[in-house]
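Peer 1: Quick one, structure for this:
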Amino acid sequence: MKRLISTAAAMACLYAGAALAATPVETHGALHVDGTHVVDAHGAPVALSGVSFFWDNTGWGEERFYNAGAVKTFARDWHASLIRAAMGVDAKGGYLDDPHGNEARVDTLVKAAIHEGIYVIIDWHSHHAHEKPEAAVAFFTRMAGKYGKYPNVIYELYNEPLNTTDWHGQVKPYAETVIDAIRKVDANNLIVVGSPTWDQDVDVAAADPIAGRNNIVYSLHFYAGTHKDDLRKKAAKAIALGAPLFVSEWGSVNADGNGGVDVEETARWQQFMADNCLSQANWAVSDKNEGAAMFIPGTRADGHWRESDLTASGKLTRDIVRAAPQTCR
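Peer 2: I've put the predicted structure just below:
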């Protein structure tokens with residue numbers, strides 16, 4: 001009987017300890033930029049790891065994943081420290097078509113992330129954001145008013161400027177305008193800035209960086225099946241120029257979202273990110289019939305996923321996120 005009681009007591013202590021385990025935000029607090037690194041409230045370099053939700057556009061079908069149950073599963077089962085709410089803007093069904101529906105879905109993810117104690121990127125998911133800066137200013141001013149007091153929140157101003165955009169004349173001035181609007185409300189939370197050519201021209205941005213604004217990082221996007229050592233060299237050049245990078249979107253397949261998982265190239269990218277202490281969010285929380293989707297078509301959207309619900313990309317992503325340390329050596 002004594003042995004049974006001792007075992008039960010030990011298990012109770014174990015579960016109590018798990019319940020009291022600090023969340024990522026409790027551990028790291030407010031993030032800020034120090035040189036080329038994102039560091040936590042204690043000054044330690046941080047590399048967050050998690051997932052990016054698919055475009056949330058009304059009527060696309062993938063918006064059903066924008067719920068608290070999904071966030072809870074990523075936080076507690078996948079051990080994600082980061083999620084990204086990819087709010088579609090100018091495509092059909094996006095924010096410009098349905099501002100209330102899209103913003104409500106972002107609100108749902110942000111509130112769930114705050115509840116779970118993880119970080120969340122509010123992403124203005126557009127390829128043409130510089131054409132309508134006033135819409136972004138209004139949206140991010142409102143988001144900063146609602147959530148700027150929470151250390152969980154990160155703002156991403158421009159998902160992927162196209163290869164036809166100019167950094168100095170278009171993307172940078174747009175970013176400065178939106179940054180200044182956010183900083184009137186939220187003085188400190190991280191802001192992620194995109195660069196031309198789908199966030200690959202980080203070296204161009206690093207050569208002409210945004211000045212006089214604090215806690216700015218530059219988004220680097222890659223898809224392992226398409227982007228290889230040439231892009232890593234561009235990223236390394238940007239870091240050497242002093243630019244802090246943040247991988248707010250990456251995929252293990254081709255850049256068009258299709259193709260099989262490139263395991264070897266994904267491993268090379270993971271090593272590069274580990275070597276440079278870069279945060280990352282995998283694309284995408286989706287059951288669309290394409291290689292980048294984490295789930296097979298028809299998978300439930302509210303979490304509690306089984307191994308059989310995951311695609312090859314989903315299984316690899318879960319393993320990476322679960323194993324990722326939040327701090328860097």
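Peer 1: Next up, the contacts around residue 325.
Peer 2: Contact analysis of residue 325 by C-beta atoms under 8 Å, 6 or more residues apart in numbering lists residue 47. Every C-beta, even on glycine, is put in place using the N, C-alpha and C of the backbone.
Peer 1: elements contacting the helix or strand harbouring residue 38?
Peer 2: Assigned by DSSP states H and E, residue 38 belongs to strand 37-39. Applying 3 or more C-beta pairs under 8 Å, 6 or more residues apart in numbering; DSSP states H and E, we find strand 37-39 packed against strand 32-34.
Peer 1: what's the strand it packs on packed up against?
Peer 2: By 3+ C-beta pairs under 8 Å, 6+ apart, strand 32-34 packs against strand 37-39.
Peer 1: Strands of the protein, residue ranges please.
Peer 2: Taking DSSP state E to define them, one finds strands in the chain at 32-34, 37-39, 49-53, 82-88, 119-125, 153-156, 191-193, 216-223, 245-251, 280-285.
Peer 1: Let's have the ones you listed in CSV, adding mean neighbour count, mean pLDDT and distance to residue 266.
Peer 2: As requested, the strands of the chain are arranged in CSV below (neighbours: other C-beta atoms under 10 Å; pLDDT from 0 to 100; distance: least, C-beta to C-beta, whole Å):
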stretch, mean neighbour count, mean pLDDT, distance to residue 266
strand 32-34, 16, 98, 27
strand 37-39, 21, 98, 22
strand 49-53, 27, 99, 13
strand 82-88, 28, 98, 18
strand 119-125, 27, 99, 21
strand 153-156, 24, 99, 22
strand 191-193, 26, 99, 22
strand 216-223, 25, 98, 10
strand 245-251, 26, 98, 9
strand 280-285, 27, 98, 10
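Peer 1: okay, those in JSON lines with distance to residue 200 next?
Peer 2: Shown next, in JSON lines, are those (distance: least, C-beta to C-beta, whole Å):
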{"stretch": "strand 32-34", "distance to residue 200": "21"}
{"stretch": "strand 37-39", "distance to residue 200": "20"}
{"stretch": "strand 49-53", "distance to residue 200": "17"}
{"stretch": "strand 82-88", "distance to residue 200": "18"}
{"stretch": "strand 119-125", "distance to residue 200": "17"}
{"stretch": "strand 153-156", "distance to residue 200": "16"}
{"stretch": "strand 191-193", "distance to residue 200": "14"}
{"stretch": "strand 216-223", "distance to residue 200": "7"}
{"stretch": "strand 245-251", "distance to residue 200": "11"}
{"stretch": "strand 280-285", "distance to residue 200": "15"}
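Peer 1: Show me the one of those that comes nearest residue 165.
Peer 2: strand 191-193 (12.8 Å; C-beta to C-beta).
Peer 1: Pull the residues that contact that closest one.
Peer 2: 121, 154-158, 171, 175, 179, 182, 205, 210, 213, 215-219, 246, 248.
Peer 1: Partner strands of it and their direction?
Peer 2: strand 153-156 (parallel), strand 216-223 (parallel) (DSSP bridges).
Peer 1: Quick check: which of those is nearest to residue 189?
Peer 2: Of the strands paired with strand 191-193, nearest to residue 189 by C-beta to C-beta is strand 153-156, at 5.3 Å.
Peer 1: which residues are contacting that closest one?
Peer 2: By C-beta under 8 Å, 6+ apart, strand 153-156 touches 31, 84, 110, 119-124, 140, 143-144, 147, 182, 186, 189-192, 194, 219, 248.
Peer 1: Serialize the strands paired with strand 191-193 to a markdown table and add fields for distance to residue 286.
Peer 2: Below are these laid out as a markdown table (distance: least, C-beta to C-beta, whole Å):
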| stretch | distance to residue 286 |
| --- | --- |
| strand 153-156 | 18 |
| strand 216-223 | 15 |
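Peer 1: Looking at those strands, which is nearest to residue 128?
Peer 2: Per C-beta to C-beta, nearest to residue 128 of the strands paired with strand 191-193: strand 153-156, 15.2 Å.
Peer 1: send the alpha carbons of the closest one over as CSV?
Peer 2: Extracted C-alpha coordinates of strand 153-156, given in CSV (Å, rounded to 0.1, in the frame of the first residue of the first chain):
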residue,chain,number,x,y,z
VAL,A,153,2.7,40.2,-30.3
ILE,A,154,4.9,40.6,-33.4
TYR,A,155,3.8,42.7,-36.4
GLU,A,156,4.7,41.7,-40.0
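Peer 1: How far away from the center of its chain is that strand?
Peer 2: 9 Å (C-alpha atoms, centre = their mean, to the nearest Å).
Peer 1: ditto for stretch 185-196
Peer 2: Taking mean C-alpha positions (C-alpha atoms, centre = their mean), stretch 185-196 and its chain are 13 Å apart.
Peer 1: now for that stretch, what's the gap between its first and last residues?
Peer 2: 27 Å (C-alpha to C-alpha, to the nearest Å).
Peer 1: What sits closest to residue 304 if chain neighbours are left out?
Peer 2: The shortest distance from residue 304 to any non-neighbouring residue, by C-beta to C-beta, 6 or more residues apart in numbering, is to residue 73 (6.3 Å).
Peer 1: Who are the contact partners of the one you found?
Peer 2: Contacts of residue 73 by C-beta under 8 Å, 6+ apart are 303, 304, 305.
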